[in-house]
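Novice: my questions are about this predicted structure, shown below with the sequence.
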Amino acid sequence: MTIAAHPDRKALARIGASVRERLAGETCVRRLPDERAEIYAIDDFLPVLACIHLMAAIDAVACPSSLIDGTDWPDYRTSFSGDLDAMDTCVQDLETRISILTGIASACGESAQGQRYQCGQYFREHCDWFDTDSRYWRRERHCGGQRSWTAMVYLNAVDEGGLTDFPRMELSIPPRSGTLLLWNNAQPCGAPNPWTLHAARPVVRGVKYVVTKWFRARTWQ
Ligand SMILES: O=C(O)CCC(=O)C(=O)O
Ligand SMILES: [Fe+2]
């Protein structure tokens, strides 16, 4: 596919530039050391009490995780997950913090999804951007289109394992309570960025909790 042909490319290039500019002015934000993808970490993004509340909220909704393409590959994503209550004030506070930081309208974000990995559980290598040649894209293109940025907050530290790896760049991020990881799923030109391939490695000791917000190029519905 030529660069110009990627769906939502112009919107993604515009969103990328405005988030980049905004983050550049934030001293608390550190960019991970690889030019091939824009990945940022912000420590102490969420207070401990909010993390504790959100872990309990995840326990209340967690069911075996599914995959966006609707396939049932039992070994691909073994975690438990669920959409968090949009009326929960902690969830709203998290969403507001992310929108203030990034400047991306909350309306472009999918429901906040909580995820729990128990011992041995993982999420194998995947990209968060959509494969626009797939069947599921016929549905997703009408629901806000391509994914722009991913914002994921770790709610706790894990005794062993549970790292988020970007294997194509040899980056490894250990979970830490309250740290936000933020990455652009697109390249500066707005085409999907294959370097953003990532995985949640198996938890070896402990339990891991995260909340993920995936943003779209347009309003999510
Ligand atoms: O749990 C992780 O470290 C990664 C989760 C993830 O890839 C996602 O929510 O899209
Ligand atoms: Fe992901």
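Specialist: Looks like it came in fine. Ligands and ions are numbered 1, 2, ... in the order given.

Novice: residue boundaries of the strands in the protein?
Specialist: With strands called from DSSP state E, the chain shows them at 30-31, 39-42, 63-64, 80-83, 113-117, 123-126, 147-154, 160-161, 164-166, 171-173, 180-184, 198-200, 203-205, 208-216.

Novice: least reliable of the ones you listed going by mean pLDDT?
Specialist: If the strands of the chain are sorted by mean pLDDT, strand 63-64 sits at the bottom with a mean of 92.

Novice: direction included, what does it pair up with?
Specialist: As defined by DSSP bridges, the strand partners of strand 63-64 come to strand 80-83 (antiparallel).

Novice: report the separation between the nearest residue to residue 83 once chain neighbours are set aside and residue 99.
Specialist: Counting by CB to CB, 6 or more residues apart in numbering, residue 83 lies nearest to residue 111, which is 4.1 Å off, once chain neighbours are set aside. No exception for glycine: its C-beta is placed from N, CA and C like everyone else's. Note on residue 111: its distance to residue 99, by CB to CB, to the nearest Å, is 14 Å.

Novice: again with residue 92
Specialist: 10 Å.

Novice: neighbour-wise, which of those two wins?
Specialist: More neighbours surround residue 99 than the other of residue 92 and residue 99, with 18 against 15 (other CB atoms under 10 Å).

Novice: who's in contact with that one?
Specialist: Residue 99 makes contact with 105-106, 109, according to CB atoms under 8 Å, 6 or more residues apart in numbering.

Novice: filter those residues down to the buried ones, PyMOL style.
Specialist: Only the buried entries of those go into this PyMOL selection, using 16 or more other CB atoms under 10 Å:
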select buried, resi 109
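
Novice: so which of the contacts of residue 99 are also by ligand 1?
Specialist: The subset of the contacts of residue 99 within reach of ligand 1, by CB under 6 Å from any ligand atom, is empty.

Novice: I'd like the contacts of residue 99 laid out as TSV, including pLDDT.
Specialist: Output for these, formatted as TSV (pLDDT from 0 to 100):
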residue	pLDDT
105	94
106	92
109	98
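
Novice: from the contacts of residue 99, pick the one nearest ligand 1.
Specialist: residue 109 (13.1 Å; CB to the nearest ligand atom).

Novice: which residues touch the closest one?
Specialist: By CB under 8 Å, 6+ apart, the contact set of residue 109 is 95, 98-99, 213-216, 220.

Novice: then residue 37?
Specialist: Applying CB under 8 Å, 6+ apart, one finds that residue 37 lies in contact with 166, 169, 183-184, 193, 195-196.

Novice: now render those residues as a markdown table, adding neighbour count and distance to ligand 1.
Specialist: Shown next, in a markdown table, are the contacts of residue 37 (neighbours: other CB atoms under 10 Å; distance: CB to the nearest ligand atom, whole Å):
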| residue | neighbour count | distance to ligand 1 |
| --- | --- | --- |
| 166 | 21 | 10 |
| 169 | 18 | 15 |
| 183 | 22 | 10 |
| 184 | 24 | 14 |
| 193 | 22 | 14 |
| 195 | 20 | 14 |
| 196 | 23 | 10 |
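
Novice: fine by me, thanks again.
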